[in-house]
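1. Give me the fold of what follows.
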Amino acid sequence: MIHAEDGKREYVQRTRQTLLSLSLLLLVGLQTSLSADESKAAKSDAKTVKLLTVGNSFSANATRYLGDLAKARGNVLIHKPIVVGGASLELHWGRAERHETDPQDPAGLYGKTSLKQELTAQQWDFVTVQQASIKSHDIATYRPFAKQLTDYIRQHAPQARLLIHQTWAYRSDDPRFSVAKPKAGEPANQAEMYRSLTDAYATVAKELDLQRIPVGDAFYLADTDEHWSYQPDKTYDFAQKEPTTLPNQTHSLHVGWRLTKDKDGHQKLAIDGHHANLAGEYLGACVWYEVLFDESAVGNEFIPKGLDKDYARFLQETAHKAVVAVRTRELSAGQK
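-> Numbering: from 1, shown residues only. The predicted model follows:
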């Protein structure tokens, strides 16, 4: 009887272990199935955006980190940039017009291809245009070229949404603003440049039914923020004959001061208050990401190496603020 009882207990124990193992296998299988389903759902939610940018160095600046932001959220960016340094709307339309007149004329090409060829090479989701920054404050320079160029794009890429990239004002200490007697119509300071370029971009966008990418708004919001704005270094000695250090440029969105050498090899200061630096490029990309992917950039895991995390968060939030403001028409030229 003792042996029989032992056998019975052993049988019950083995049965329980078998049932437990089966339960664990079923649970693992269920979790695996759920994970696969979740993964499948995540993939189905991922977005692929095909983008053609017709611009210059400012469009290159603003899209430098766009693909990284997309990748961090599981999205895909297919981007073809058409970049000519300092290019205006007039230049890009001129090339398209030359190509239509003579397809063999190199002056109508970007390297070996024409704008028409690039427009028809993909089923682009978005095509962007922009004005040269030096002319961005003057609406007369947009006409008639903005309409001619956008009509041409719509003709050859009718499926694409056409956007206009609102470029940004120069840094507050850019030499453009230190001219004693600026020419008539020239902005005297950063605020004037921002207001006039914003008016121009908004007017043209309305006239031609274009959506505006408000990078200029985001830059100005950041440049005038109480805590995070760039402030020129008033303690730096700019009279040095051969400087070895740079002024403090904390929170600058522009390249700013840098050390170069003159023809005799002597070190000197030079300034680029036009182009975006790492922080400015990140801010611009966050704005583009929100517009193209229709997702907030706030909380995006991608932060470029060398950019402070708290500052990056501020730039994400500023980009979001600018995009939301344009969508709700709460932001007017010169106002935060």
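
2. What does the pLDDT read for the residue nearest to residue 315 when sequence neighbours are not counted?
-> In this structure, residue 315 finds its nearest non-sequential neighbour in residue 283, 4.5 Å apart by Cβ to Cβ, 6 or more residues apart in numbering. For the C-beta atoms, the positions are set from N, CA and C on the backbone; glycine is no exception. Listed pLDDT for residue 283 reads 98.

3. Can you tell me the SS state at residue 283?
-> Here residue 283 is recorded as helix under DSSP: H, G, I helix; E, B strand; the rest coil.

4. Same check on residue 134?
-> helix.

5. check contacts around it.
-> residue 86 (Cβ atoms under 8 Å, 6 or more residues apart in numbering).

6. how much space between it and residue 239?
-> 29 Å (Cβ to Cβ, to the nearest Å).

7. mind listing the helices for this protein?
-> 2-45, 57-63, 66-72, 89-101, 115-121, 145-156, 190-208, 215-223, 278-293, 309-328 (DSSP state H).

8. out of those helices, nearest to residue 51?
-> helix 278-293 (6.6 Å; Cβ to Cβ).

9. Could you tell me the angle between that closest one and helix 215-223?
-> 140 degrees (axes from the mean of the first three to the mean of the last three Cα atoms, to 10 degrees).

10. tell me the mean pLDDT over stretch 184-202?
-> The model assigns stretch 184-202 a mean pLDDT of 96.

11. and if you look at stretch 328-336?
-> 54.

12. swap in stretch 147-167?
-> Computed over stretch 147-167, the average pLDDT equals 98.

13. Would you indicate which residues of that stretch are buried?
-> 148-150, 152-154, 156-157, 160, 162-167 (16 or more other Cβ atoms under 10 Å).

14. Next, the distance between the ends of it.
-> Across its full length, stretch 147-167 reaches 18 Å between end residues, using Cα to Cα, to the nearest Å.

15. so where is this structure shaky, pLDDT-wise?
-> Under the criterion pLDDT under 70, the flagged ranges of the chain are 1-44, 330-336.

16. The nearest residue to residue 219 once chain neighbours are set aside: neighbouring residues, count only.
-> In space, and not counting its chain neighbours, residue 219 is closest to residue 168: 3.7 Å by Cβ to Cβ, 6+ apart. Using other Cβ atoms under 10 Å, residue 168 is surrounded by 33 other residues.

17. coming back round to it: need the helices of the chain in a markdown table (columns: distance to residue 269).
-> Listed next are the helices of the chain as a markdown table, based on distance: least, Cβ to Cβ, whole Å:
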| stretch | distance to residue 269 |
| --- | --- |
| helix 2-45 | 50 |
| helix 57-63 | 22 |
| helix 66-72 | 32 |
| helix 89-101 | 31 |
| helix 115-121 | 39 |
| helix 145-156 | 36 |
| helix 190-208 | 20 |
| helix 215-223 | 21 |
| helix 278-293 | 20 |
| helix 309-328 | 25 |
